[in-house]
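*Asks:* Quick one: sequence and predicted model below, then my questions.
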Amino acid sequence: MREKQKMKTAKLLTIFFVLVALMLTAKAALGADTDIKINEIMVDPSTGDQWVELYNPDSSSVNYNVLGNGVIKTGNGDTPITGKILAGDYLIVELDFPATNTGDRFVLKNSPSGFIDALTFGNYTNVNIPEHVDDVPEEDDVLARIHDGEDWSEEAHPEDTKDAANNRLPEGEVPVQELVETVQKTIDLSQHFEDLDEDSLTYTNILGKEENAICNINGNELEIIATGKDPGYCQIKVKDGYGYVNKFVEFSVTPALEVVSLYVNGDNVAEGEETPELFPLSQVTAELTVKNNLDYTIFNVNSFLNFSEFTLEGDQMFNIDSGATKIVYATGEVPADAAFGVYASDLMITGTSLYLESVGDDLSFNTVIYQESSELVITDLTLNHDTLTCKDKTTLTVDLINTGINNINDAVATVKVGGEEYTKIFTIASGNTIIVNFGIFAEDLSQGSNQILVEVPYGIPEYISINKGECISDWLPKQAEDEVFVSSTAVDEISMEISEEEYAEETVWYVNGEECTINSCNYGTVYGTEFDFSASGEGEFEVYGSLGGEATQT
């Protein structure tokens, strides 16, 4: 009896193991896709059919062509699954019976009764299907798991990853940064990038992928130092653990010592623009505004303006405090021989920072030199003597240049003084200079200051002052209004006192209109300002002395 019981127990165990083997065999035949996941669904495509992406998380492939019973079921019907899914790969199934757009179910089955995975969405729910997404996708939006095989995203989104890993890459941009030359700037990258899948982000800088910059990343912070005044960029990699994007962080550079503005003769001249028209010999005033953009003082700032045809130096060296601006002036004159044209020019400023860094800025512009067709310009007026006292004549030298683009034939220079007018005619070629001399006579001048006017054709008239002083200050004898001087036949002394004794020998005495000089006089002997008069007989004699355009009483 006990032996029979043992045999029965052994038989039952054998049957149990056979049944288990048969069940395992059945799973191998029918349930080999039990780990396959519905991974992503295109519900409302603008073109083509509705599709479902299946994902195989296993280490072995699944061949639906061999299984033969796989379907994707919707409320409108079953679509057979064909094809093979490699390990870790995807299979796209285009549905013959697409789901209803407003809400439906997607059920993955490996047999009429073999439930594998399922999802409901929109206004459709089923108590037997726990996975549900409330959102109703718009056209071309997808329902997708956040990452392959993981939880479903609560909202549909437009970035489909058909036949590829489910992962929305990090998004964001760093706006163009304004850097100050030589100054490090730190940017918190976490303020500019996000991950729609709420993955944690990490940042690295891509070595060798920067321009005009030193770039370094510490955690979430990007540190940039511009290596010059030119704009540049850092290229960084933003990673979410599943993928990455490469991004450029671009920057512009403000010079440490900045040219804020330049005005030439009152007109603003920006980078690459032209100055107002400048003429040969015209005055030029440049107004330059500079700024210190550093957090410390810049020392020994100097400015230099190269107008190509001429240069101007600004105020002498100065210091400028942090954040301060300063206006610098430079004045000068366009050279007389400056040629007609437009010339590349530049402005340069330099200085030294607190840390002995050499800083500076420049501004390039174009200088416009304009010339009339004929332009005769007085460049200088000089007098041999600017005061005439006992000298009867001086020489006025007129320096002229033809700054026009044409030669001038029969050019006329005119000098006007004391009611008298003198002219000289000459020829002068374009760009040439000439000197014209005029005699200025004391007799044409009034006592005190006199203005000499010089005029030339096409050009601007110029004035120069000359002073006439009193030469003869006193004389003897003096004739009263009601008396006459009657000479005897003896020698009578007549004399004058003058302001400048060195001209005494140039004194001229006159008797009855006849000139008496030291070497020749019929009425006595002349000793410069003294005259020993002796009559040659009885009669009336008119005697007076003259020097430097002045005369004594008669």
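*Replies:* All right, it came through fine. Computed from a predicted structure; not experimentally measured. Numbers count the residues shown, from 1 in each chain.
*Asks:* domains of the protein?
*Replies:* 1-26, 31-144, 171-254, 273-369, 376-468, 472-551 (automatic domain parsing).
*Asks:* Can I get those in JSON lines including mean pLDDT, mean neighbour count and distance to Leu262?
*Replies:* Any C-beta I mention is one placed from the backbone N, CA and C, and that applies to glycine too. Output for the domains of the chain, formatted as JSON lines (pLDDT from 0 to 100; neighbours: other CB atoms under 10 Å; distance: least, CB to CB, whole Å):
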{"stretch": "domain 1-26", "mean pLDDT": "43", "mean neighbour count": "9", "distance to Leu262": "89"}
{"stretch": "domain 31-144", "mean pLDDT": "94", "mean neighbour count": "17", "distance to Leu262": "55"}
{"stretch": "domain 171-254", "mean pLDDT": "95", "mean neighbour count": "16", "distance to Leu262": "17"}
{"stretch": "domain 273-369", "mean pLDDT": "89", "mean neighbour count": "17", "distance to Leu262": "5"}
{"stretch": "domain 376-468", "mean pLDDT": "90", "mean neighbour count": "16", "distance to Leu262": "25"}
{"stretch": "domain 472-551", "mean pLDDT": "77", "mean neighbour count": "15", "distance to Leu262": "54"}
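*Asks:* So for Asp160, which of these sits nearest?
*Replies:* domain 31-144 (4.5 Å; CB to CB).
*Asks:* Grab the nearest non-local neighbour of Ile116.
*Replies:* The shortest distance from Ile116 to any non-neighbouring residue, by CB to CB, 6 or more residues apart in numbering, is to Leu108 (4.4 Å).
*Asks:* who does the helix or strand hosting the one you found pair up with?
*Replies:* Assigned by DSSP states H and E, Leu108 falls within strand 103-111. Strand partners for strand 103-111, identified by DSSP bridges, are recorded as strand 71-74 (antiparallel), strand 114-122 (antiparallel).
*Asks:* Spell out the residue ranges of the strands in the stretch 301-450 of the chain.
*Replies:* For the stretch 301-450 of the chain, the strands defined by DSSP state E, counting those that start in this stretch cover 311-313, 318-320, 325-333, 341-353, 358-369, 376-383, 387-388, 393-402, 408-417, 420-428, 433-441, 448-455.
*Asks:* Tell me which of those strands sits nearest to Glu138.
*Replies:* Closest among the strands of the stretch 301-450 of the chain, using CB to CB: strand 358-369, at 53.4 Å.
*Asks:* Does anything pack onto that closest one? Which helices or strands?
*Replies:* strand 257-264, strand 341-353 (3 or more CB pairs under 8 Å, 6 or more residues apart in numbering; DSSP states H and E).
*Asks:* mind exporting it as CSV, just the C-alpha atoms?
*Replies:* Output of strand 358-369 as CSV, limited to C-alpha atoms (Å, rounded to 0.1, in the frame of the first residue of the first chain):
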residue,chain,number,x,y,z
SER,A,358,47.6,98.5,-21.9
VAL,A,359,44.1,99.5,-23.0
GLY,A,360,42.7,101.6,-25.8
ASP,A,361,40.2,102.0,-28.6
ASP,A,362,40.1,103.4,-32.1
LEU,A,363,37.6,104.7,-34.5
SER,A,364,38.1,104.7,-38.3
PHE,A,365,36.5,107.4,-40.5
ASN,A,366,37.0,109.3,-43.7
THR,A,367,38.3,112.8,-44.0
VAL,A,368,36.8,114.9,-46.8
ILE,A,369,39.2,117.6,-48.2
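*Asks:* quick one, that strand and strand 257-264 angle?
*Replies:* 20 degrees (axes from the mean of the first three to the mean of the last three CA atoms, to 10 degrees).
*Asks:* circling back: dump the domains of the chain into TSV; add distance to Pro158 as well.
*Replies:* Below are the domains of the chain laid out as TSV (distance: least, CB to CB, whole Å):
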stretch	distance to Pro158
domain 1-26	43
domain 31-144	5
domain 171-254	11
domain 273-369	44
domain 376-468	69
domain 472-551	105
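*Asks:* Which one of those lies nearest to Val260?
*Replies:* Of the domains of the chain, nearest to Val260 by CB to CB is domain 273-369, at 4.2 Å.
*Asks:* what about stretch 126-139, how long is it end to end?
*Replies:* 24 Å (CA to CA, to the nearest Å).
*Asks:* can you list the residues that contact it?
*Replies:* Applying CB atoms under 8 Å, 6 or more residues apart in numbering, the contact partners of stretch 126-139 are 43-46, 101-103, 105, 107, 117-123, 125, 143, 152-156, 158.
*Asks:* Between the strands of the stretch 301-450 of the chain, which one is closest to Ala213.
*Replies:* Across the strands of the stretch 301-450 of the chain, Ala213 has its closest neighbour in strand 358-369 (17.6 Å, CB to CB).
*Asks:* Please report phi then psi for the spatially closest residue to Glu372 that is not a sequence neighbour.
*Replies:* Nearest non-adjacent residue to Glu372, counting by CB to CB, 6+ apart: Gly404, 5.2 Å away. The phi/psi pair for Gly404 (degrees, to the nearest 10) reads phi -80, psi 180.
*Asks:* I'd say Gly404 and Tyr370 touch.
*Replies:* No. If you go by CB atoms under 8 Å, Gly404 and Tyr370 don't touch, sitting 10.8 Å apart.
*Asks:* if we compare the strands of the stretch 301-450 of the chain, which one ends up closest to Asn63?
*Replies:* strand 358-369 (71.4 Å).
*Asks:* Relative to the whole chain's centre, how far out is that closest one?
*Replies:* 9 Å (CA atoms, centre = their mean, to the nearest Å).
*Asks:* who touches the residue nearest to Leu143 when sequence neighbours are not counted in this structure?
*Replies:* Nearest non-adjacent residue to Leu143, counting by CB to CB, 6+ apart: Ile41, 4.5 Å away. Ile41 makes contact with 50-53, 99, 106, 119, 142-144, according to CB under 8 Å, 6+ apart.
*Asks:* what's the closest of these to Gln191?
*Replies:* Nearest to Gln191 among the contacts of Ile41, with distances taken as CB to CB, is Ala144, at 27.6 Å.
*Asks:* Please, which helix or strand holds the closest one?
*Replies:* Going by DSSP H and E, Ala144 is in strand 142-144.
*Asks:* Need the residues that contact that strand.
*Replies:* By CB under 8 Å, 6+ apart, strand 142-144 touches 39-43, 119, 121, 133, 135, 137, 152-153, 156-161, 166.
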